[in-house]
Structure formats: structure tokens, C-alpha cells
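S.K.: here are the coordinates; sequence isn't available:
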């Protein structure tokens with residue numbers, strides 16, 4: 001599917017892109033190549049192919065969920081300018 005100059009201008013307008021007139025032929029060729037690839041991919045018979053997120057069958061290696069640091073909230077809140085009921089008080093930024 002070959003795109004014409006008008007097609008490229010229409011696509012650019014819809015995408016809210018400003019392109020120079022001398023760049024239109026390159027855009028037309030690139031977009032035509034992309035559409036040809038999509039058309040080629042659409043022709044492939046994918047019945048019976050299971051959708052997958054990744055082509056390799058791998059499992060995520062997870063670490064044990066264990067505490068590595070002690071709770072230091074009281075220590076940190078001693079240095080805070082304003083604390084109330086264990087929460088840091090900050091200036092209001094949205095009215």
C-alpha cells in the first residue's frame with residue numbers, strides 16, 4: 001500500500017505533527033513500508049497459536065521476603081520539623 005503526499009499530510013494533521021514538505025517523500029516511504037509489514041503479518045495464520053507475553057518459557061527468580069532493616073521511624077521523626085500521630089506534616093500544596 002503506497003501512500004500519497006495527501007495521505008501523509010492527513011496522517012500528520014491527525015497526529016498533530018508538523019512536517020516539512022521536503023520530508024514528505026521519506027515519510028510516505030517509511031509509512032508505506034510499515035503498512036506493508038502489518039499487511040504481511042496479518043496474512044499469517046495464527047489459529048492455534050497461544051498468546052504469550054514472552055517467547056521464552058522462564059520463571060521469575062524471587063528472593064525470600066524477609067526484613068533486612070529494623071524500624072527506625074521514631075529516630076527519623078525526631079529530626080522532622082513537624083510530626084503528628086506518627087505522620088510527617090507537610091505544607092499544603094493544593095488548594
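M.R.: Everything's here; your move. Just so you know, these numbers come straight off a predicted model, no measurement behind them.
S.K.: mind listing what's buried in the one helix or strand residue 27 maps to?
M.R.: Using DSSP states H and E, residue 27 maps to helix 24-42. By 16 or more other Cβ atoms under 10 Å, the buried positions in helix 24-42 come out as 24, 27-28, 31-32. Where C-beta positions appear, they are placed from N, C-alpha and C, glycine not excepted.
S.K.: what segments of this structure are strands?
M.R.: 83-84, 87-88 (DSSP state E).
S.K.: ok, which of these comes nearest residue 15?
M.R.: strand 87-88 (44.0 Å; Cβ to Cβ).
S.K.: sheet partners, orientation included, of the closest one?
M.R.: strand 83-84 (antiparallel) (DSSP bridges).
S.K.: contact partners of the strand it pairs with?
M.R.: 77, 89 (Cβ atoms under 8 Å, 6 or more residues apart in numbering).
S.K.: for the residue nearest the centre of the chain, give its distance to residue 60.
M.R.: Geometric centre of the chain, nearest residue: residue 53, 15.3 Å, by Cα atoms, centre = their mean. Computed as Cβ to Cβ, to the nearest Å, the residue 53 to residue 60 distance reads 12 Å.
S.K.: same question, residue 84
M.R.: 40 Å.
S.K.: which one's more surrounded, those two?
M.R.: Shown here are residue 84 and residue 60; by other Cβ atoms under 10 Å, residue 84 has more neighbours (8 against 4).
S.K.: perfect, that will be all.
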